[in-house]
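In: Whatever this is, show me its structure:
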Amino acid sequence: MDVRIGIVQSMKELDVELPDDADRDKVLADIEEALAEDGKILWLTDRKGRQVGIPVGKVAYIELDPPASGRPVGFGIS
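Out: Okay, here's the model as predicted:
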């Protein structure tokens, strides 16, 4: 699952690739909990085990990929 985070006053966004077995509902709950408190840091761990910390006061938006079942597989033309 990919998480894209927009940062206030920055044209760049952070792209964090979470492990394939990451629980989407738990990730959403963790994000909502962190954003509820000003001054908190949102911590995410990517596929390689690296931790990324984002101060919630700097978050402009967060985008999560849709569940994996909605992705097409293969090289066919649709």
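In: Tell me which residues touch residue 36, please.
Out: Residue 36 makes no contacts at all, as judged by Cβ atoms under 8 Å, 6 or more residues apart in numbering. (Glycine included, C-beta is placed from N, CA and C.)
In: which residues does residue 59 bridge with?
Out: residue 7 (DSSP bridges).
In: wait, it sits on residue 9?
Out: No. Checked against Cβ atoms under 8 Å, the pair residue 59 and residue 9 is beyond contact range at 11.7 Å.
In: Just want to know which of the two has more residues nearby.
Out: More neighbours surround residue 59 than the other of residue 59 and residue 9, with 17 against 6 (other Cβ atoms under 10 Å).
In: residues touching residue 5, list them.
Out: Contacts for residue 5 were tallied using Cβ under 8 Å, 6+ apart; they are 13-14, 16, 54, 59, 61-63.
In: try it again with 6 Å
Out: Taking Cβ atoms under 6 Å, 6 or more residues apart in numbering as the criterion, residue 5 is in contact with 14, 54, 62.
In: Not counting residues beside it along the chain, what's closest to the second one?
Out: What that stands for is residue 54. Spatial nearest neighbour of residue 54, excluding adjacent residues (Cβ to Cβ, 6 or more residues apart in numbering): residue 42 at 4.8 Å.
In: tell me which element the one you found is part of?
Out: Per DSSP states H and E, residue 42 falls inside strand 41-45.
In: Quick check: phi and psi on residue 55?
Out: When quoted as degrees, to the nearest 10, the phi and psi of residue 55 stand at phi -60, psi 130.
In: Next one: the residue lying closest to it once chain neighbours are set aside, what pLDDT does it get?
Out: Counting by Cβ to Cβ, 6+ apart, residue 55 lies nearest to residue 41, which is 5.6 Å off, once chain neighbours are set aside. On the pLDDT scale, residue 41 is placed at 92.
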